[in-house]
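In: Turn this into a structure:
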Amino acid sequence: MQVNISSRRTNVTDRLQDVTRSKLSRLDKYVPGLERADVHFCEERNPRIADKEICEVTLEGDGHSVRTKVTAPDPYTAIDMATVKLEHQLHKLKTKLHRHENNGEHSIRVDDLAMAMPTQLDVDDNVAQIVKKKQFTIDPMTAEDAVLQMELLGHDFFLFTNVETNKSSVVYIRDDGDIGLIDSA
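Out: Numbering: from 1, shown residues only. Below is the predicted model:
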């Protein structure tokens with residue numbers, strides 16, 4: 001697996017790069033076909049924040065994308081925490097793929113994954129379920145109007161029909177506080 005490491009406002013030492021590559025290369029055993037891992041380290045400069053080191057990891061391959069973001073007091077703890085979260089997410093991915101196996105959408109060997117998974121993760125088979133359904137009319141509007149509506153509702157995202165493209169779109173609040181726009185293809 002190719003591991004790309006980048007940083008902002010922090011220094012990534014050779015040792016940290018080696019530890020990161022070592023930990024992420026072990027994740028390949030959970031889901032075969034992971035081709036790339038993008039790791040980004042960042043240091044929060046606000047003195048009131050205790051956990052200053054931010055580690056974002058995105059794994060891609062075999063048509064899947066798994067992402068996590070953690071904060072910790074130091075970058076070594078951050079990559080440890082990110083690895084644990086990624087193991088859990090890959091276990092959930094394995095479970096979803098196993099369910100689709102009966103529908104002919106089997107894309108990886110589930111038997112190999114079951115043997116590679118630690119027993120402690122096999123105990124946690126709690127899968128999120130849909131507990132609330134909502135229907136509403138999707139009104140055509142501009143992205144700016146959708147942002148205003150999202151803020152008025154106090155939501156993190158808002159689904160609307162974009163007047164400019166006449167397609168379904170979503171505006172959302174990004175982690176950095178900016179607004180993102182997703183247009184359907």
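
In: check contacts around the nearest residue to Pro75 once chain neighbours are set aside.
Out: With sequence-adjacent residues excluded and distances taken as C-beta to C-beta, 6 or more residues apart in numbering, Pro75 is closest to Glu53, at 4.8 Å. For glycine as for every other residue, the C-beta is placed from the backbone atoms N, C-alpha and C. Residues counted as contacts of Glu53 (C-beta atoms under 8 Å, 6 or more residues apart in numbering) are 10, 41-44, 71-75, 77-78.

In: Going by neighbour count, which of those are buried?
Out: Members of the contacts of Glu53 that pass the buried threshold by neighbour count (16 or more other C-beta atoms under 10 Å) are listed as 10, 41-42, 71-72, 75, 78.

In: how far away is Ala143 from Val170?
Out: When distance is defined by C-beta to C-beta, to the nearest Å, Ala143 is 10 Å away from Val170.

In: ok so, going back, report the beta-bridge partners for the residue nearest to Pro75.
Out: The bridge-partner assignment for Glu53, based on DSSP bridges, gives Glu43, Ala72.

In: nearest residue to the residue nearest the centre of the chain other than its sequence neighbours?
Out: For the chain, the residue nearest the mean C-alpha position is Arg67 (2.5 Å; C-alpha atoms, centre = their mean). If you skip the residues right next to it in sequence, Arg67 has Thr58 as its closest partner in space, 4.6 Å away by C-beta to C-beta, 6+ apart.

In: Report the beta-bridge partner residues of that neighbour.
Out: Each beta-bridge partner of Thr58 is listed here, defined by DSSP bridges: Asp38, Arg67.

In: List the residues that contact it.
Out: So, once contact is read as C-beta under 8 Å, 6+ apart, Thr58 ends up touching 37-38, 65-67.
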